[in-house]
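*Asks:* sequence plus the predicted model coming up.
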Amino acid sequence: MSAPAGRLMGEYRSAEHEGAPADAAGRLLATAEAVLARRLASEPSIAMGAGQPVRHLATLDPARLHADAACFVQARDTLDTLPAAELSIEQDSFRRALVVDLSHRAEAARYRGLDFVVAPYSGGDLHAEARQALAAHPLASAPDREAYVELLRDYARLTREMLAHTSRQQASGVYPAAPAVPAARAALKGVIDTMSTAVLPADDRLASTTPTAREALRATVSAILQRELLPPLQRLCELLEGDGAMRGPDELGLHRYPGGEACYRHLIRRHAETDLEPEAIHQTGLQALDRLHEIKSDLRARLLPGIEARDFERALRADTRWRAATPADIEACFVAHVRRVEALLPRWFGRWPATPWAVTRADPAFEHGMTFGYFQRATPADPVGRYRYNGSDPGGRSLIGAGHLICHELLPGHHLQLSIQDRAPLVHPLQRLLFSTATVEGWAVYASELACEMGALTGFDLYGHAQMQGLMAARLVVDTGLNALGWTLDQARAFMHTQTVESEGVIESELLRYGADIPAQALAYEMGRIGIARIRQHAQDGLGAAFDVRQFHDALLVNGGYPLPVLAAQIDRWMAGVGGSSA
């Protein structure tokens with residue numbers, strides 16, 4: 001067992017399960033420990049989440065990935081044989097959630113050839129994670145600095161693997177879709193341009209070291225930067241230059257690649273947790289848009305009576321209240337919304353996060369190709385849950401949906417959910433790493449809707465919320481259209497212009513995200529919201545007057561991001577305890 005894995009496990013492993021366990025609970029914990037150790041070797045976020053220095057970054061090496069997949073299959077098969085009757089309710093929920101997670105991880109190995117690590121999200125996440133690990137690494141002692149150098153070399157190893165992965169794809173005739181190449185090239189150039197600043201430690205991090213030690217470290221880092229880290233990235237840029245880079249499909253969509261249709265169905269199962277066909281998801285999105293059109297029509301009549309829809313939207317775009325002059329204006333708007341929600345939480349939740357929150361601009365190097373921003377979970381090195389927003393082009397981004405967005409990202413969305421999970425009683429530390437995309441993103445969309453129910457969003461903010469919900473629904477239509485139903489980019493672009501009020505830049509980044517970067521991930525938002533809303537309605541119907549929304553939210557969130565079917569069973573058990581019917 002590695003030292004970090006051992007520390008993560010520590011207090012959770014009882015003495016009766018040491019050695020080769022024979023009972024079901026012992027085999028569950030031993031299997032979870034094996035999976036955790038395996039993931040720790042290639043997922044730096046795990047070490048950062050435990051306050052441990054990162055030793056290894058992600059891997060794209062085919063042999064390593066194949067070995068990981070084999071380990072996950074073996075672990076899943078072991079868990080499938082454990083008798084549920086011999087496990088506690090909490091242990092069996094953990095087992096079921098882990099089986100789902102391992103199944104998705106094992107299946108994903110079949111489709112690695114269609115992962116484009118030059119794309120802004122897929123590749124950007126790898127670089128952002130590496131930079132976060134380097135920024136959090138201690139530098140006070142000589143061993144710390146030596147470990148930093150080794151981690152930097154591991155980053156260089158990752159960039160070589162990104163180059164090798166892309167070269168293997170091109171050798172087999174798999175190229176990014178032509179419309180996606182300019183954004184990929186721009187994102188990669190942004191990474192290169194900011195690499196020196198990212199990896200050369202700033203003066204304040206070396207304040208306790210001697211001048212000689214500082215100069216020695218900087219000289220070593222500069223040499224690695226120039227000789228090992230930048231050359232693979234520069235070569236990747238070359239692969240994205242010229243006519244040769246445009247050999248991919250003329251249109252976006254996984255179905256345009258060999259094996260793409262099967263890959264897309266896998267991604268639907270993984271992200272949206274449904275076996276629905278793409279056509280059915282497409283129709284779900286269209287039906288949701290019809291409902292939202294009625295809601296917006298009613299809101300327009302209340303907010304600006306007598307104004308036609310087109311004039312209403314034009315008035316919103318011209319209204320300076322919904323435009324920011326600077327990134328600081330965007331930040332202030334987000335903060336004001338969170339403060340309003342924060343005051344209302346005790347009426348809707350029995351527990352809420354003690355972890356502080358913040359709104360911080362994203363690294364400008366990664367803003368190109370990013371639609372809105374992302375949530376960064378608190379770690380021991382940075383014990384603050386942060387929404388890192390896209391601060392580029394502030395004047396081109398409407399703030400009408402800012403309330404929806406920040407409620408999604410911070411409170412009562414991602415920050416509340418994940419902070420509660422971080423403090424939950426654990427069957428095993430791996431429990432904190434089980435993230436169902438549909439549950440995590442579905443909760444965040446549900447949370448924005450809940451903010452309206454709470455009274456945190458009112459007036460024009462409700463209209464902005466409806467617009468953003470329209471984007472969630474439009475994603476169901478456009479993602480399936482591009483990846484399975486033969487839609488062209490022009491067709492998808494026209495649909496987004498008629499169904500949303502997003503800017504040209506936002507629409508372009510959204511379409512590239514769906515069709516060329518992380519297909520099906522965008523389905524998780526609305527499909528997950530639908531799943532959580534159904535669970536709540538089931539509880540309200542079963543409990544009647546005994547239903548308490550605070551208790552429901554606490555029961556739903558206690559285990560964090562378990563898959564929706566596991567959460568549904570969790571709520572059934574809670575209902576039985578309250579005295580209602582779960583039938």
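*Replies:* All right, it came through fine. Not measured: the values here are computed from a predicted model.
*Asks:* where do the helices of the stretch 201-350 of the chain begin and end?
*Replies:* For the stretch 201-350 of the chain, the helices defined by DSSP state H, counting those that start in this stretch occupy 211-224, 230-239, 260-272, 278-303, 309-318, 327-344.
*Asks:* now the fourth one and helix 309-318, what's the angle there?
*Replies:* I take that to be helix 278-303. Relative orientation of helix 278-303 and helix 309-318, computed by axes from the mean of the first three to the mean of the last three CA atoms, to 10 degrees: 80 degrees.
*Asks:* who does helix 278-303 touch, helix- and strand-wise?
*Replies:* If contacts are counted by 3 or more CB pairs under 8 Å, 6 or more residues apart in numbering; DSSP states H and E, helix 278-303 sits against helix 260-272, helix 309-318, helix 460-483, helix 523-543. Every C-beta, even on glycine, is put in place using the N, C-alpha and C of the backbone.
*Asks:* and if we set it to 6 Å?
*Replies:* In terms of contacts (3 or more CB pairs under 6 Å, 6 or more residues apart in numbering; DSSP states H and E), helix 278-303 is packed against helix 460-483.
*Asks:* quick one: the helix or strand just after the helix it packs on to chain centroid distance?
*Replies:* Sequence-wise, the next helix or strand downstream of helix 460-483 (DSSP states H and E) is helix 489-499. Chain-centre distance of helix 489-499: 25 Å, with CA atoms, centre = their mean, to the nearest Å.
*Asks:* just the buried positions in helix 489-499, please.
*Replies:* In terms of neighbour count (16 or more other CB atoms under 10 Å), helix 489-499 has its buried residues at 489, 492, 493, 495, 496, 499.
*Asks:* how about stretch 185-203?
*Replies:* By neighbour count with 16+ other CB under 10 Å, stretch 185-203 contains the buried residues 185, 187, 188, 189, 190, 191, 194, 195, 198, 199, 201.
*Asks:* cool, stretch 21-38 as well?
*Replies:* Those would be 24-38, for stretch 21-38 by 16+ other CB under 10 Å.
*Asks:* could you measure from the closest residue in space to residue 416 that isn't next to it in sequence over to residue 411?
*Replies:* Nearest residue to residue 416, sequence neighbours excluded (CB to CB, 6 or more residues apart in numbering): residue 353, at 5.6 Å. Using CB to CB, to the nearest Å, residue 353 is found at 8 Å from residue 411.
*Asks:* of these two, which one has the most company?
*Replies:* residue 411 (28 against 22; other CB atoms under 10 Å).
*Asks:* so who does the closest residue to that one other than its chain neighbours touch?
*Replies:* Residue nearest to residue 411 in three dimensions, not counting chain neighbours: residue 341, with 4.8 Å by CB to CB, 6+ apart. For residue 341, the contact set (CB atoms under 6 Å, 6 or more residues apart in numbering) comprises 411, 451, 456.
*Asks:* turn those residues into CSV, including distance to residue 244 and pLDDT.
*Replies:* Shown next, in CSV, are these (distance: CB to CB, whole Å; pLDDT from 0 to 100):
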residue, distance to residue 244, pLDDT
411, 48, 97
451, 49, 98
456, 52, 98
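*Asks:* save the residues you listed as JSON lines, and put in distance to residue 174 too.
*Replies:* Listed next are those as JSON lines, based on distance: CB to CB, whole Å:
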{"residue": "411", "distance to residue 174": "42"}
{"residue": "451", "distance to residue 174": "42"}
{"residue": "456", "distance to residue 174": "46"}
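*Asks:* show me how the record splits this protein into domains.
*Replies:* What automatic domain parsing lists as the domains of the chain is 3-40+61-110, 117-250, 263-527.
*Asks:* which of these is buried the deepest?
*Replies:* Of the domains of the chain, the one with the most neighbours on average (mean count of other CB atoms under 10 Å) is domain 263-527, at a mean of 20.
*Asks:* quick one on the thing from earlier: I'd like the buried residues of helix 489-499 as CSV, with pLDDT and distance to residue 285 appended.
*Replies:* As requested, those are exported to CSV (pLDDT from 0 to 100; distance: CB to CB, whole Å):
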residue, pLDDT, distance to residue 285
489, 97, 18
492, 98, 12
493, 97, 16
495, 98, 10
496, 96, 12
499, 92, 9
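*Asks:* hang on, the earlier thing: now for the buried residues of stretch 185-203, which pair is the farthest apart?
*Replies:* Using CB to CB, the pair of the buried residues of stretch 185-203 lying farthest apart is 185 and 201, separated by 29.0 Å.
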